[in-house]
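Asks: Below is the structure, and that's it, no one-letter string:
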Ligand SMILES: Nc1ncnc2c1ncn2[C@@H]1O[C@H](COP(=O)(O)OP(=O)(O)OP(=O)(O)O)[C@@H](O)[C@H]1O
């Protein structure tokens with residue numbers, strides 16, 4: 001089993017609030033309904049009479065009727081038992097109505113509270129009590145109310161079940177004890193002590209059993225929620241290379257659930273012991289002590305009647321009580337606690353990025369006031385140096401040599417064993433903090449190079465090193481590389497969800513939820529404020545089909561800008577933006593710090609870089625703009641064809 005301590009610490013349902021709150025609230029609720037309670041008691045009395053008649057009439061039918069040679073009397077007593085059965089059935093039917101008269105008002109009261117609170121929170125969260133509730137708040141409010149009303153339904157059913165089992169046990173106990181006393185008081189001496197002992201064992205372990213049951217319920221729900229989320233997000237998980245993280249998280253949930261189920265099973269023994277002592281031991285004692293009872297004058301019919309009380313009434317009622325209180329009771333406690341606690345209040349943040357504020361982004365509250373990584377300054381705050389800034393990148397390697405951000409050593413790559421290689425024996429070094437533009441004619445292998453740098457393709461020969469570490473050492477799939485490099489392709493992947501979700505999907509799990517300021521800063525940096533404002537802010541919905549290619553690129557750029565990866569590779573990632581917007585986006589990545597590699601399609605992009613790599617098969621060269629203008633005929637041709645036109 002995986003790390004059990006983790007499962008323990010994350011153990012669900014470890015609630016500190018004392019359950020007396022619910023008991024008191026429940027008693028107050030019942031106290032306000034005396035008529036219903038009286039009706040319930042009256043019909044329950046009819047049921048108790050039925051239980052009484054069950055054993056008593058049978059005993060009389062035997063002792064006074066059939067065993068005494070008076071079959072008519074015996075049959076008459078059996079008729080009494082039959083009438084008791086009918087009366088009991090009538091009582092049970094009426095009891096159901098009375099229970100409904102208790103459960104329905106409970107549901108109404110809970111629904112009223114839930115909806116009232118959800119509305120209140122929706123209005124205060126938007127800070128607009130005048131009725132301007134935002135679309136996002138609207139949507140989340142509706143979802144929350146729908147979830148909570150579903151929980152209310154569960155609470156109602158659990159409450160009704162709880163009332164039924166506890167009432168039924170009480171009624172059966174009264175009817176059976178009265179019947180035993182009427183048959184022969186000696187029978188009580190045999191039956192009542194073990195019954196009380198069993199009840200005491202059950203009562204002693206009830207609280208811990210309910211807690212264990214609650215743990216299982218909560219763990220079960222969390223596992224189901226995780227599985228549901230994973231299934232819905234499969235495409236995103238694959239796209240973000242988050243398979244390992246999702247698997248780890250699912251394993252944690254499974255372990256937590258297994259631990260909770262094991263613990264419940266262990267405590268389930270206590271339940272079996274209570275049932276054995278309270279329900280089965282009296283039967284054994286009755287049989288063992290039958291000779292003594294007969295000597296005390298207890299008739300054979302009375303013994304049969306007592307056995308009937310035990311096996312037909314008390315044992316089933318005790319079973320229902322033991323299982324019902326553990327199951328429905330625990331479910332009710334969990335649901336009521338959730339309804340009482342509701343969603344945590346959403347703090348409204350003050351805007352701290354002027355541009356973002358102008359875009360109206362910071363007005364949206366965050367659900368959790370978690371900063372984006374405790375030790376991480378936002379890359380966007382007031383021009384501060386970033387974690388992926390040159391300071392961190394310029395780590396001297398062995399022998400005092402600064403480790404380059406990227407090294408390609410004799411890289412050859414072809415799409416298939418027999419295919420002509422796209423790249424052949426390519427050597428390239430990009431210093432930490434450097435800015436390289438890659439140019440070349442269509443089909444030269446620029447995107448292939450970007451994929452090799454990102455570790456999404458593996459070289460046929462040679463080696464790619466990121467910050468001195470060979471990519472071949474990183475596990476296949478890319479998720480382990482998310483902290484080192486980010487690749488922004490031309491076709492930006494945007495999915496249905498909130499703007500926030502679209503921005504955060506590449507962030508490493510351990511970084512936690514980023515602060516709104518960090519998200520707004522990323523949006524502002526790449527010039528996407530107008531777009532995000534139009535979408536409704538950070539919690540606005542994204543419909544990929546309703547966005548232009550350029551808008552999708554803006555979201556992709558902001559998402560990449562936000563990551564802590566020190567190496568950013570832009571593969572024509574701003575090709576759909578106008579030149580000014582593209583310059584702004586590239587500029588944002590340069591100011592972000594770290595190393596930048598741009599697959600360029602405009603001369604302006606190449607001019608902004610420190611160095612340019614011209615991919616041209618055997619004529620591949622790397623140098624400054626001026627050097628290449630002098631030594632690379634292809635570069636001269638390309639720059640001539642670029643100016644003044646926009647594309648190669
Ligand atoms: N998945 C693939 N399978 C087989 N061949 C491929 C694949 N992807 C690209 N190629 C081929 O590899 C070569 C290089 O393609 P690549 O996309 O890297 O070029 P590029 O320089 O980025 O082109 P462009 O500027 O048009 O995007 C091309 O001949 C292309 O047809």
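Replies: Received, thanks. Since the model is a prediction, treat every value here as computed from it, not as a measurement.

Asks: Contact residues of the chain facing the ligand?
Replies: 415, 422, 440, 442-448 (Cβ under 6 Å from any ligand atom). In this view, the C-beta of every residue, glycine as well, is placed from N, C-alpha and C.

Asks: And those, which two are furthest apart?
Replies: Spanning the widest gap among those are 415 and 440, at 16.9 Å by Cβ to Cβ.

Asks: Which of those two has more residues huddled nearby?
Replies: Legend: neighbour count by other Cβ atoms under 10 Å for residue 415 and residue 440, higher for residue 440 (22 against 12).

Asks: Residue 623 versus the more buried one, what's the distance?
Replies: 14 Å (Cβ to Cβ, to the nearest Å).

Asks: average pLDDT for the strand or helix carrying residue 99?
Replies: Residue 99 is part of helix 71-126 when elements are defined by DSSP states H and E. Regarding helix 71-126, the rounded mean pLDDT is 83.

Asks: now swap in stretch 302-320 and tell me
Replies: On average, stretch 302-320 scores 94.

Asks: ok, residues contacting it?
Replies: 51, 54-56, 58-60, 62-63, 165, 168-169, 172-173, 175-176, 179-180, 183-184, 187, 190-191, 195, 198, 275, 278-280, 282-283, 286, 290, 293-294 (Cβ atoms under 8 Å, 6 or more residues apart in numbering).

Asks: Return a ChimeraX selection command for the buried portion of these.
Replies: Selecting the buried subset of these in ChimeraX, with 16 or more other Cβ atoms under 10 Å as the burial test, is done by:
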select :51,54,55,56,58,59,60,62,63,165,168,169,172,173,175,176,179,180,183,184,187,190,191,195,198,275,278,279,280,282,283,286,290,293
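
Asks: now stretch 253-268: how far from the chain's centre is it?
Replies: Distance of stretch 253-268 from the chain centroid (Cα atoms, centre = their mean, to the nearest Å) equals 19 Å.

Asks: Can you point out the buried residues in that stretch?
Replies: Within stretch 253-268, the residues scored as buried using 16+ other Cβ under 10 Å are 253-261, 263-264, 267-268.

Asks: Let's have these in TSV, adding pLDDT and secondary structure.
Replies: Supplementary listing: the buried residues of stretch 253-268 in TSV, determined by pLDDT from 0 to 100; DSSP: H, G, I helix; E, B strand; the rest coil:
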residue	pLDDT	secondary structure
253	88	helix
254	92	helix
255	91	helix
256	90	helix
257	89	helix
258	92	helix
259	92	helix
260	89	helix
261	89	helix
263	88	helix
264	84	helix
267	81	helix
268	80	helix
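
Asks: List just the nearest of the residues you listed to residue 496.
Replies: residue 253 (24.8 Å).

Asks: Quick check: the closest residue to the closest one other than its chain neighbours vs residue 335, distance?
Replies: In space, and not counting its chain neighbours, residue 253 is closest to residue 223: 4.5 Å by Cβ to Cβ, 6 or more residues apart in numbering. Residue 223 sits 18 Å away from residue 335, taking Cβ to Cβ as the criterion.

Asks: Then residue 182?
Replies: 42 Å.

Asks: Looking at these two, which one has more neighbours?
Replies: Between residue 182 and residue 335, counted using other Cβ under 10 Å, the more crowded position is residue 335 (23 against 16).

Asks: Quick check: which element contains the more buried one?
Replies: helix 315-341.

Asks: Off-centre distance for that helix?
Replies: 24 Å.

Asks: With stretch 613-625 instead?
Replies: 50 Å.

Asks: ok, residues contacting that stretch?
Replies: With contacts defined as Cβ under 8 Å, 6+ apart, stretch 613-625 is touched by 423-424, 426, 428, 436-441, 444-446, 449, 606-607, 609-612, 628, 631-635, 638.

Asks: Can you give me the end-to-end span of it?
Replies: Taking Cα to Cα, to the nearest Å, stretch 613-625 runs 10 Å from one end to the other.

Asks: For that stretch, buried residues please.
Replies: 613-616, 620, 622-623, 625.

Asks: So what touches stretch 631-642?
Replies: With Cβ under 8 Å, 6+ apart, stretch 631-642 has contacts from 439-441, 602-603, 606, 612, 614, 616, 619, 621, 623, 628-629, 648.

Asks: Can you give the distance of that stretch from its chain's centre?
Replies: On the basis of Cα atoms, centre = their mean, stretch 631-642 sits 55 Å off its chain's mean C-alpha point.

Asks: cool, and stretch 234-254?
Replies: Put simply, stretch 234-254 sits 13 Å off its chain's centre (Cα atoms, centre = their mean).

Asks: Just the terminal-to-terminal distance for that stretch.
Replies: End residues of stretch 234-254 are separated by 19 Å (Cα to Cα).

Asks: Repeat that for stretch 272-289.
Replies: Stretch 272-289: ends 24 Å apart by Cα to Cα.

Asks: if I look at the residue nearest to residue 253, how far off is the ligand?
Replies: Distance of residue 223 to the ligand, given as Cβ to the nearest ligand atom, to the nearest Å: 38 Å.

Asks: Out of the contacts of stretch 613-625, which end up buried?
Replies: Counted by 16+ other Cβ under 10 Å, the contacts of stretch 613-625 give 423-424, 426, 428, 436-441, 444-446, 449, 606, 609, 611-612, 628, 632, 634-635, 638 as buried.

Asks: Those in strands, which ones?
Replies: 423-424, 426, 428, 436-439, 611-612 (DSSP state E).

Asks: will you turn these into TSV that also has pLDDT?
Replies: Listed next are these as TSV, based on pLDDT from 0 to 100:
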residue	pLDDT
423	94
424	93
426	94
428	94
436	94
437	94
438	94
439	92
611	94
612	94
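
Asks: Relative to residue 574, which of the residues you listed is nearest.
Replies: Once Cβ to Cβ is applied, the member of those that ends up nearest residue 574 is residue 437, at 12.5 Å.

Asks: list the contacts for the nearest residue to the closest one once chain neighbours are set aside?
Replies: Once flanking residues are discounted, residue 437 sits nearest to residue 609: 3.7 Å by Cβ to Cβ, 6+ apart. When contacts are counted by Cβ under 8 Å, 6+ apart, residue 609 touches 435-437, 596, 598, 600, 625.

Asks: Backbone torsions only: list them for residue 609.
Replies: phi -80, psi 160 (degrees, to the nearest 10).

Asks: thinking again about what came up before, got the buried residues for the helix holding residue 335?
Replies: Buried, per 16+ other Cβ under 10 Å, within helix 315-341: 315, 317-322, 324-339.

Asks: ok, now stretch 405-422?
Replies: Buried-residue list, stretch 405-422, by 16+ other Cβ under 10 Å: 405-409, 411, 413-414, 421-422.

Asks: Need those in JSON lines (columns: secondary structure and distance to residue 577).
Replies: JSON lines is the format used below for the buried residues of stretch 405-422 (DSSP: H, G, I helix; E, B strand; the rest coil; distance: Cβ to Cβ, whole Å):
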{"residue": "405", "secondary structure": "coil", "distance to residue 577": "25"}
{"residue": "406", "secondary structure": "strand", "distance to residue 577": "25"}
{"residue": "407", "secondary structure": "strand", "distance to residue 577": "31"}
{"residue": "408", "secondary structure": "strand", "distance to residue 577": "28"}
{"residue": "409", "secondary structure": "strand", "distance to residue 577": "34"}
{"residue": "411", "secondary structure": "strand", "distance to residue 577": "30"}
{"residue": "413", "secondary structure": "strand", "distance to residue 577": "29"}
{"residue": "414", "secondary structure": "coil", "distance to residue 577": "33"}
{"residue": "421", "secondary structure": "coil", "distance to residue 577": "33"}
{"residue": "422", "secondary structure": "coil", "distance to residue 577": "27"}
